[in-house]
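> heads up, no residue letters with this:
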């Protein structure tokens, strides 16, 4: 019989909340880390791919170890992005549903600091923060870490640069006898350096679910396209996934905006997410995606951190990521909570050789996704054109006399005849369009 959370030492109120959330069987990383953290004897490094339940792995023990009789800050959880911060905050609030005496706050950048300062003036046990905002609060004397027992660095591989600049300042505020818990999906040399510099020499390292990216439920596939057909092939794929939710990853904000605009023109239910958007807009788009009001999210790597939506059936790597770690985090957005998922990478011919490197480095196997035929793409484009017309709102400002004249032109046609003529006109116009020259793309390092 598989272990239960109660077997790991998790208290009854926490188990009750987990049961309501339909979380019953601990994942591998949870089984390995929770007893160690509850023992509270050493620093810990947890290595597990995204989507394996890391938030509960450190969140549940910390919630159990909080001394609610003390109105002081006892745990700080550092995260790379606002989205991930809000996600972890929501998770902790859900876990602590039957522990009303535990006080949790989130203090991330990109939103006004004054309400956060006012919130921290109240008794607070746990703070989820981005490093920049935490340092700002430290400098303003708005937060006191002098009695903080736990420092958690979540998704540490995504904030190495930030941590290099800010950890000294943060650690200087902590008591000497504190525990550091570091979680990461990968273990590059920069993370090893952080561990050596900031964690106890007897740190315990826990590895789980490292044999595959995320879990066994992800199909890793690639499709080879010429630059000129890349967008058409993507549109064909998205049409085949109508009604399903997915994320498309681009390398730059400009690419996100351009692709999102194309999706909007073709009437796909989509939204864009990148770091230059205001926090209000990002929150609104994320809420629309989470609630199912939009089906497709176009995002940069960092902006998409913290997206924990179980029903994401596919991820598209519209641009091959520069580093292997980015692929881990991208593909891990799908196949959450034991579901199946597809991670599709769109390649240009000169990039195909890089797939072998990804396979070797990440221990996964890619299969080739069959490219649709030219005829199938043409038919798909015609369908998209028809949907554009169908979803176009009538212009009520058009002169009534002009409308009457146009109706007179078509009045003798049946609906079928009108559709036939419209389609023939579309095909004729499309056939006569000038061919676009392929853009020469620089080989990725």
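Thanks, I have the structure now. Predicted, not measured: the structure shown is a model, and the values here were computed from it.
> quick check: closest non-adjacent residue to residue 252.
With sequence-adjacent residues excluded and distances taken as C-beta to C-beta, 6 or more residues apart in numbering, residue 252 is closest to residue 300, at 7.0 Å. (Each C-beta comes from the backbone N, C-alpha and C, glycine too.)
> give me the pLDDT for the one you found.
What the model reports for residue 300 is a pLDDT of 89.
> phi, psi for it please.
The phi/psi pair for residue 300 (degrees, to the nearest 10) reads phi -80, psi 170.
> quick check: it vs residue 422, distance?
Using C-beta to C-beta, to the nearest Å, residue 300 is found at 38 Å from residue 422.
> same question, residue 282
Where residue 422 is concerned, residue 282 sits at a distance of 39 Å (C-beta to C-beta).
> more crowded one of the two?
residue 282 (23 against 13; other C-beta atoms under 10 Å).
> and the gap between the closest residue in space to that one that isn't next to it in sequence and residue 183?
Spatial nearest neighbour of residue 282, excluding adjacent residues (C-beta to C-beta, 6+ apart): residue 273 at 6.2 Å. Separation of residue 273 from residue 183 (C-beta to C-beta): 23 Å.
> residue 17 too?
For residue 17 relative to residue 183 (C-beta to C-beta), the value is 21 Å.
> quick check: phi and psi on residue 271?
According to degrees, to the nearest 10, residue 271 has phi -150, psi 160.
> what bridges to it?
When assigned by DSSP bridges, residue 271 has beta-bridge partners residue 297.
> ok, now which ones touch it?
260, 285, 288, 289, 294, 296, 297, 298 (C-beta atoms under 8 Å, 6 or more residues apart in numbering).
> nearest to residue 24, of these?
residue 289 (26.8 Å; C-beta to C-beta).
> show me what contacts the closest residue to that closest one other than its chain neighbours?
Counting by C-beta to C-beta, 6+ apart, residue 289 lies nearest to residue 297, which is 5.1 Å off, once chain neighbours are set aside. By C-beta under 8 Å, 6+ apart, the residues touching residue 297 are 246, 247, 248, 270, 271, 272, 273, 285, 289, 304, 307.
> quick one: which of the residues you listed is most hemmed in?
Most surrounded of the contacts of residue 297: other C-beta under 10 Å gives residue 248, at 28 neighbours.
> which residues of the stretch 301-445 of the chain score low on pLDDT?
In the predicted model, the stretch 301-445 of the chain carries pLDDT under 70 at residues 303-306, 308, 336-339, 432-445.
> quick one, strands of it?
312-317, 341-347, 366-368 (DSSP state E, counting those that start in this stretch).
> please name the strands paired to the shortest one in the sheet, noting orientation.
If I follow you right, that is strand 366-368. strand 218-224 (parallel).
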